[in-house]
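> can't give you the sequence, but here's the structure:
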């Protein structure tokens, strides 16, 4: 993948790849599931998890759109 083909990440996290966002999201979920966090910390973790999940969805949606575009080009050939 070249820099020209790379999508721009969502605002607020310009350098976070899908893999990095997914890994951090898994850490957030593990912390929340452990149950050891205070309510305030749990809310902060939950908010971060929501942002990371949205970022992962962004990357997945972009990948799906690129696959569909490639299929459309292949169908036209």
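The structure has been received and is ready for your questions. Not measured: the values here are computed from a predicted model.

> and the residue nearest the centre of the chain, how far is that from residue 17?
The centroid of the chain falls nearest to residue 56 when counting by Cα atoms, centre = their mean (1.7 Å). Distance, residue 56 to residue 17, using Cβ to Cβ, to the nearest Å: 10 Å. Placement of C-beta: from N, CA and C, glycine included.

> what's the answer for residue 52, then?
Taking Cβ to Cβ, one finds residue 52 at 12 Å from residue 17.

> the two: who's more crowded?
Between residue 52 and residue 17, counted using other Cβ atoms under 10 Å, the more crowded position is residue 52 (22 against 13).

> ok, back up a step: need the contact list for the residue nearest to the centre of the chain.
For residue 56, the contacting residues are 18, 21, 22, 25, by Cβ atoms under 8 Å, 6 or more residues apart in numbering.

> ok, the second one - contacts?
With Cβ under 8 Å, 6+ apart as the criterion, the residues that contact residue 21 are 13, 52, 55, 56, 59.

> repeat that for the last one.
The contact partners of residue 25, taken as Cβ under 8 Å, 6+ apart, are 49, 52, 53, 56.

> in which helix or strand would I find the third one?
So the one you mean is residue 53. Assigned by DSSP states H and E, residue 53 belongs to helix 39-76.

> now that helix: how far from the chain's centre is it?
5 Å (Cα atoms, centre = their mean, to the nearest Å).

> cool, and stretch 58-77?
On Cα atoms, centre = their mean, the centre of stretch 58-77 falls 18 Å from the chain's centre.

> next, the buried residues of that stretch.
Of all the residues in stretch 58-77, those buried under the rule 16 or more other Cβ atoms under 10 Å are 58, 59.
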